[in-house]
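Participant: Predicted model and sequence below, questions to follow.
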Amino acid sequence: MAADVTYRADVEPLLKKYCYDCHAAPDAPSMAEFKLDEAKYKKEKVGPRTDTYEHLLQLINGKSTGAFMRRLDDGTNPLAKGKPGNMYKYLGDTDAERAANLKILKDWVGEGGWNLNRMSARGDVPALTKEQMDKVKVKY
């Protein structure tokens, strides 16, 4: 199944159902805009756009690498230290539904591509390596 997961067929419908209320609102900012005034957008409960393939890629393997994975991880990634990301709870109404939707997203990103690292090291989390970046597949 992993090789068959695409943005158009699998990821976009999932995000539309669970994420677009906040991440595709008419006033939802790009990630660059969000970074200019995070406090304002957080107060308004509006997150960076995830309603296009291009916007989403910024959170996966662009300037904001790993943001998507950090927020949606279920806490099983060693770097998460058992703590689910702050958006994991929105991936479904039940544990089973959240787990199934996370599997789709992980399959889409690619085996070994689901990394919580950033471009630069932060605290005890190392920077993303080229080898890790090369594992990201994200088929359109």
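Facilitator: Sure thing, it's come through. Numbering: from 1, shown residues only.
Participant: Contact partners for T94?
Facilitator: T94 makes contact with no residue, according to Cβ atoms under 8 Å, 6 or more residues apart in numbering. Heads up, the C-betas are built off the backbone N, CA and C, glycines and all.
Participant: make that W108, sorry
Facilitator: For W108, the contacting residues are V5, T6, Y7, D10, V11, K137, V138, K139, by Cβ under 8 Å, 6+ apart.
Participant: Please verify my assumption that the third one contacts K137.
Facilitator: No - using Cβ atoms under 8 Å, Y7 makes no contact with K137, being 10.7 Å away.
Participant: so where's the chain uncertain?
Facilitator: 1-3 (pLDDT under 70).
Participant: again, 50 this time
Facilitator: The model of the chain has no residue with pLDDT under 50.
Participant: mind listing the helices for it?
Facilitator: Taking DSSP state H, the helices of the chain run over residues 12-18, 20-23, 31-36, 38-43, 53-60, 67-72, 95-109, 130-134.
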